[in-house]
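**Student:** how does the following fold in three dimensions:
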Amino acid sequence: MRLIQNRTLNKKGLTTMSEKFIRTEEVAEVMEISVPYAYKIIRKLNQELSDRGFITLTGRVNRAYFNERVYNTSPKKKEGEE
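**Tutor:** Next comes the predicted model:
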């Protein structure tokens with residue numbers, strides 16, 4: 001049933017969970033680090049999210065948050081915003 005739900009979501013243009021979250025193996029590959037160290041990084045990022053009140057999943061982290069923290073891809077502020 002899960003596969004059917006993902007197909008339905010994709011047809012409507014929504015993203016799947018695998019597109020929203022990055023798993024340990026992918027973190028290790030992208031950062032060229034070991035899987036155990038990738039787990040350590042994900043735990044740290046998930047703790048940051050948890051401290052801000054977000055629900056987290058063991059072994060995966062929100063892809064946008066990962067990119068923000070690793071690549072500093074936070075949205076740029078317009079002039080006059082603080």
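**Student:** look up phi and psi at the nearest residue to residue 23 once chain neighbours are set aside.
**Tutor:** In this structure, residue 23 finds its nearest non-sequential neighbour in residue 60, 4.9 Å apart by Cβ to Cβ, 6 or more residues apart in numbering. For the C-beta atoms, the positions are set from N, CA and C on the backbone; glycine is no exception. Phi and psi for residue 60, reported as degrees, to the nearest 10, are phi -150, psi 160.
**Student:** mind listing the strands for this protein?
**Tutor:** Using DSSP state E, the strands found in the chain span residues 21-23, 60-62.
**Student:** which of those strands sits most buried?
**Tutor:** Ranked by mean neighbour count under mean count of other Cβ atoms under 10 Å, those are led by strand 60-62, which reaches a mean of 21.
**Student:** now do the contacts for the nearest residue to residue 45 once chain neighbours are set aside.
**Tutor:** Nearest non-adjacent residue to residue 45, counting by Cβ to Cβ, 6+ apart: residue 61, 4.7 Å away. Residues near residue 61 by Cβ atoms under 8 Å, 6 or more residues apart in numbering: 21-22, 27, 42, 45-46, 49.
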